[in-house]
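Asks: fold the following, please.
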Amino acid sequence: MAKRTIRAGIVTYRAADGREGVFGFLGDEVDVHKDDLERFDRLNPAEPEKNDVEDASASA
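Replies: Numbering: from 1, shown residues only. Model prediction:
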């Protein structure tokens, strides 16, 4: 089991017990199945990625 905290609003994931399509909401701590960790972490990053608008405003 791998505990993760939802940061991206709403995320679907495979639960540690094998259930598919489980929903988690912002702030929830969930147990993610080991086979779904890579996808989960990609969709729910620890740090949000900067986008072009943020980069442009920072350099202005």
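Asks: isn't G21 right up against H33?
Replies: No. Using C-beta atoms under 8 Å as the test, G21 is too far from H33 to be in contact (11.8 Å). Heads up, the C-betas are built off the backbone N, CA and C, glycines and all.
Asks: how many other residues sit next to V30?
Replies: Neighbourhood size, V30 [other C-beta atoms under 10 Å]: 20.
Asks: which SS class is the residue lying closest to it once chain neighbours are set aside?
Replies: Leaving aside its sequence neighbours, V30 sits nearest to G24 (C-beta to C-beta, 6 or more residues apart in numbering; 4.5 Å). With DSSP: H, G, I helix; E, B strand; the rest coil as the basis, the three-state label of G24 is strand.
Asks: for G24, list each beta-bridge partner.
Replies: V11 (DSSP bridges).
Asks: just the strands in this structure please.
Replies: Secondary structure of the chain (DSSP state E): strands at 2-5, 10-13, 22-25, 29-32.
Asks: of all those, which one is nearest E47?
Replies: Closest approach to E47 among the strands of the chain (C-beta to C-beta): strand 2-5, 12.8 Å.
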